[in-house]
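>>> need a structure here:
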Amino acid sequence: MNELSRKIISRLPYGDDFRFVDEITFVNDYRIVGNYTFRTDAPYYASHYPHYAVTPGVLLLECMGQIGLVAHLVYLEKIYEQENVVLTPSLSNVHASFYLPVGQGENVTVDATKVYYRAGVLKSDILLQNAKGEECARAIAHLKFVEK
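Model prediction:
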């Protein structure tokens with residue numbers, strides 16, 4: 001993992017058990033790409049369709065939002081260069097579609113393209129793919145950081 005990836009991930013406002021980002025592999029002002037492997041021992045697999053272990057869609061959205069929106073906004077606002085900044089993300093206007101299931105232990109790649117960033121609001125088109133490069137989910141969403 002490169003230094004910029006480490007810095008961005010360290011500024012995300014999530015604890016280890018709720019951080020769905022392993023690495024940021026590419027980032028610039030217009031696009032961010034990162035990946036995450038869903039843990040095989042995650043407790044939600046025992047109860048979410050017990051007969052067929054599939055990752056809950058809300059957690060796929062969380063992964064997409066953490067990489068495609070929060071991490072990208074950390075980069076765009078250069079928060080990765082600052083210390084003692086407390087982030088509170090505010091997500092809105094999410095439109096998502098799910099195409100393929102994501103199972104236990106699967107590695108996914110999130111590839112997000114900025115639609116616009118103005119007045120502190122980031123709107124992105126976010127794609128989630130499995131290790132085969134198949135599209136599992138797509139979302140358009142808005143995010144801003146609010147003061148707490």
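>>> ok, the residue of the chain most remote from its centre to Ala131 distance?
What lies farthest from the middle of the chain is His51; by C-alpha atoms, centre = their mean that is 27.1 Å. Separation of His51 from Ala131 (C-beta to C-beta, to the nearest Å): 24 Å. For the C-beta atoms, the positions are set from N, CA and C on the backbone; glycine is no exception.
>>> Which residue is the nearest non-sequential neighbour of Ala71?
Setting aside the residues directly before and after it, Ala71 is nearest to Ile8 in space (C-beta to C-beta, 6 or more residues apart in numbering), at 5.2 Å.
>>> burial of the one you found, as a residue count?
Ile8 has 24 neighbouring residues, counting by other C-beta atoms under 10 Å.
>>> any idea which helix or strand comes after the one helix or strand it maps to?
According to DSSP states H and E, Ile8 maps onto helix 3-10. For helix 3-10, the following helix or strand on the C-terminal side (DSSP H and E) is strand 23-27.
>>> That next one pairs with which strands, parallel or anti?
strand 31-37 (antiparallel) (DSSP bridges).
>>> you'd agree His72 is in a strand?
No - using DSSP: H, G, I helix; E, B strand; the rest coil, the secondary structure at His72 is helix, not a strand.
>>> Please name the nearest non-neighbouring residue to it.
Leaving aside its chain neighbours, His72 sits nearest to Ile32 (4.3 Å; criterion: C-beta to C-beta, 6+ apart).
>>> Kindly indicate whether His51 is helix, strand or coil.
Taking three-state DSSP, the label given to His51 is coil.
>>> Could you report the pLDDT at it?
What the model reports as pLDDT for His51 is 83.
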